[in-house]
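Trainee: Quick one, structure for this:
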Amino acid sequence: MSLYFITDAQLAFGHVALLDHADFSLEAGERVGLIGRNGTGKSSLLKIVAGLAAPDDGLVTRQNELSTVCVPQEPEFDLDASVFDVVASGLSEARAARRIRRRRARPCGYAQRPAARRSTRAHERAAVGA
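Mentor: Numbers count the residues shown, from 1 in each chain. You can find the predicted model right below:
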């Protein structure tokens, strides 16, 4: 079963059709690359997949609990931040999301990690400024 699929999607800006009855699916473990000329709908399709836009018509289906992350084509960074700070901020967001997913998956009575492992994690967080 597909993690995500789009069926018969249509998207236009003015009279220019970017997606004309397009189909797309993504299977678990599959990697996809989009190649095409400027203005042919690659970014628009990815925005639909990420949930940042919707097609004008068509069916978009995704598995429950599926999370998507989108890196903008032209990200905005704090001009005073170092490369390390920018990367570390993204890592802390990803780690926070991972922690939330882990907590949801824990069975009742889940034991805490050993103190040595907690200490290591604290040092890792301090190393990236999280």
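Trainee: what pLDDT does the residue positioned nearest the centre of the chain get?
Mentor: In the chain, the centroid-proximal residue (C-alpha atoms, centre = their mean) is residue 69; its distance is 1.3 Å. The model reports residue 69 with a pLDDT of 73.
Trainee: What separation do you get for it and residue 92?
Mentor: 14 Å (C-beta to C-beta, to the nearest Å). Every residue, glycine included, has its C-beta placed from N, CA and C.
Trainee: Excluding chain neighbours, what is closest to residue 32?
Mentor: With sequence-adjacent residues excluded and distances taken as C-beta to C-beta, 6 or more residues apart in numbering, residue 32 is closest to residue 26, at 6.4 Å.
Trainee: sorry, that was for residue 70
Mentor: Closest to residue 70 by C-beta to C-beta, 6+ apart is residue 50, at 3.8 Å.
Trainee: right, and the one you found touches residue 67 too?
Mentor: No. Using C-beta atoms under 8 Å, residue 50 makes no contact with residue 67, being 10.2 Å away.
Trainee: which one of the two has more residues nearby?
Mentor: residue 50 (13 against 9; other C-beta atoms under 10 Å).
Trainee: contacting residues for the more buried one?
Mentor: Applying C-beta atoms under 8 Å, 6 or more residues apart in numbering to residue 50 gives the contacts 68, 69, 70.
Trainee: confidence score at it?
Mentor: In this model, residue 50 carries a pLDDT of 85.
Trainee: What separation do you get for it and residue 14?
Mentor: Relative to residue 14, and taking C-beta to C-beta, residue 50 is found at 23 Å.
Trainee: What of residue 82?
Mentor: On the measure of C-beta to C-beta, residue 82 and residue 14 end up 42 Å apart.
Trainee: These two: which has the busier surroundings?
Mentor: residue 82 (9 against 5).
Trainee: mind giving me the domain split of this structure?
Mentor: 4-62, 83-128 (automatic domain parsing).
Trainee: looking at those domains, which has the lowest confidence?
Mentor: domain 83-128 (a mean of 61).
Trainee: What are the boundaries of the strands in this structure?
Mentor: 4-13, 16-26, 57-62 (DSSP state E).
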